[in-house]
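J.: this one's sequence-less:
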């Protein structure tokens, strides 16, 4: 959900002249485009701290490319928690959550704000969404500086919770309750079985910062 520069990905072709401020992002070699889920799954799972997009319901997917190579990925979708949208909009389709955002290390310092800004512009022009919600996770050292830089408003904090850790990946604790047509999903059953065997375990989480961005005027 939140910007994390990879500490494992290296692109030797990314020249030092590009490792500068926002001006480098305007040289014609950088682009943002909507894409399909399968185009960014591997990139996000390799570079985002969650290491997974399982259970992430996405509606819009975006790539940040430099000279045709993927250097960033982003997912927007319905809010993870049921009915939370009611706090931010009159209808569920009015509200989107920025579910995943990650870039590699070797990008300009302003790359996150450039990437977010381009996707927000696309969403405003191509969807009816009115409000974007995102969360900064202090459990990973995030306070939301990138959201502040793109004019999101910090509106509060979540309550503390817990996640499931399994095979080096983090999953929301509701993962084991996800169903399809009333039947628990196969992946949810595997996570549940892992918990029962002791291969997976719960980890307490600190509250997250809540950030909100208005794409267009909302009736009060």
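T.: Okay, I see it. Computed from a prediction, not measured in an experiment: that's the story for all the values here.
J.: so the residue most central in space within the chain is in which element?
T.: Taking CA atoms, centre = their mean, the centroid of the chain lies closest to residue 100, which sits 1.3 Å from it. Take DSSP states H and E as the rule and residue 100 turns out to sit in strand 95-103.
J.: where are the low-confidence patches of the protein?
T.: 1-27, 218-220 (pLDDT under 70).
J.: let's see 50
T.: Scanning the chain for pLDDT under 50 picks out the ranges 1-23.
J.: quick check: closest non-adjacent residue to residue 61.
T.: Closest residue to residue 61 apart from its sequence neighbours, by CB to CB, 6 or more residues apart in numbering: residue 35 at 5.1 Å. For glycine as for every other residue, the C-beta is placed from the backbone atoms N, C-alpha and C.
J.: distance of the residue of the chain most remote from its centre relative to residue 169?
T.: Going by CA atoms, centre = their mean, the residue of the chain most distant from its centre is residue 197, 30.3 Å out. Between residue 197 and residue 169 the distance is 16 Å, computed by CB to CB, to the nearest Å.
J.: what's the angle from the helix ranked longest in the chain to strand 95-103?
T.: Counting by DSSP state H, the longest helix found in the chain is helix 111-126. For helix 111-126 against strand 95-103, the angle by axes from the mean of the first three to the mean of the last three CA atoms, to 10 degrees is 150 degrees.
J.: in helix 111-126, which residues are buried?
T.: The neighbour-count check on helix 111-126 (16 or more other CB atoms under 10 Å) flags 111-116, 118-120, 122-123 as buried.
J.: got it, and stretch 31-45?
T.: Neighbour counts using 16+ other CB under 10 Å place 32, 35, 40-41, 43-45 of stretch 31-45 among the buried residues.
J.: same question for stretch 186-203.
T.: Neighbour-count burial for stretch 186-203 [16+ other CB under 10 Å]: 188, 191-192, 194-195, 200.
J.: what segments of the chain are helices?
T.: 37-47, 111-126, 145-149, 186-197.
J.: so which of those helices comes closest to residue 82?
T.: Comparing the helices of the chain by their distance to residue 82 (CB to CB), the top pick is helix 186-197, with 15.7 Å.
J.: chain center to that closest one: distance?
T.: With CA atoms, centre = their mean, to the nearest Å as the basis, helix 186-197 stands 24 Å off its chain's centre.
J.: elements contacting that helix?
T.: Other elements packing on helix 186-197 under the criterion 3 or more CB pairs under 8 Å, 6 or more residues apart in numbering; DSSP states H and E are strand 161-166, strand 200-205.
J.: so what's the residue nearest to residue 61 up against?
T.: Listed by CB atoms under 8 Å, 6 or more residues apart in numbering, the contact partners of residue 35 are 61-63.
J.: need these in a markdown table with distance to residue 128, can you?
T.: Listed next are those as a markdown table, based on distance: CB to CB, whole Å:
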| residue | distance to residue 128 |
| --- | --- |
| 61 | 18 |
| 62 | 18 |
| 63 | 23 |
